[in-house]
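Novice: Provided below for reference: sequence and predicted model.
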Amino acid sequence: MLRDSTSIFTLPSPKDTIDDLNARAKGATDSLGRLARPTSVATGRVVCKVAANGAPDCKAAADKLCQSKGFTSGNSIESDAAESCPARVLMSGRPPEPGECRTDNYVTRALCQ
């Protein structure tokens with residue numbers, strides 16, 4: 001009355017078992033690699049471009065600052081602003097007229113990845 005039990009359960013071959021374990025280990029390593037990306041704070045001074053709406057767009061400046069330090073991207077964590085006037089205004093000694101000078105924004109510190 002006993003039937004052949006090999007038709008009920010099929011065990012994977014040792015090679016299949018090792019291949020499966022290796023695939024799972026690689027998947028876990030890839031996941032950990034994404035979680036443990038190195039981060040660092042980069043310091044410098046990169047000007048922010050002016051967006052179409054007139055506001056400073058500092059994302060590209062943060063990326064550029066981080067790329068100069070060997071990273072791929074970044075987010076601004078500290079910025080600065082300075083008024084830029086043409087030399088003729090500065091050399092004249094007079095106060096600037098409205099619209100003669102512009103305000104430049106800079107990323108001075110960025111969190112890099």
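Specialist: Arrived safely.
Novice: from here on, just use CA atoms for contacts and neighbour counts.
Specialist: Noted.
Novice: pLDDT wise, what is the residue nearest the centre of the chain at?
Specialist: By CA atoms, centre = their mean, the chain has its centre lying nearest to Ser73, at 2.7 Å. Ser73 is assigned a pLDDT of 94 by the prediction.
Novice: residue ranges with poor pLDDT in this structure?
Specialist: For the chain, applying pLDDT under 70 flags the ranges 1-9, 27-38.
Novice: using PDB, write out every CA atom in stretch 59-67.
Specialist: Taking C-alpha atoms only, stretch 59-67 is exported to PDB below (Å, rounded to 0.1, in the frame of the first residue of the first chain):
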ATOM      1  CA  LYS A  59      19.600  72.300  -6.400                       C
ATOM      2  CA  ALA A  60      21.900  72.500  -9.300                       C
ATOM      3  CA  ALA A  61      24.400  74.500  -7.300                       C
ATOM      4  CA  ALA A  62      24.300  71.900  -4.500                       C
ATOM      5  CA  ASP A  63      24.900  69.100  -7.000                       C
ATOM      6  CA  LYS A  64      27.800  71.000  -8.500                       C
ATOM      7  CA  LEU A  65      29.400  71.600  -5.100                       C
ATOM      8  CA  CYS A  66      29.100  67.900  -4.200                       C
ATOM      9  CA  GLN A  67      30.400  66.800  -7.600                       C
END
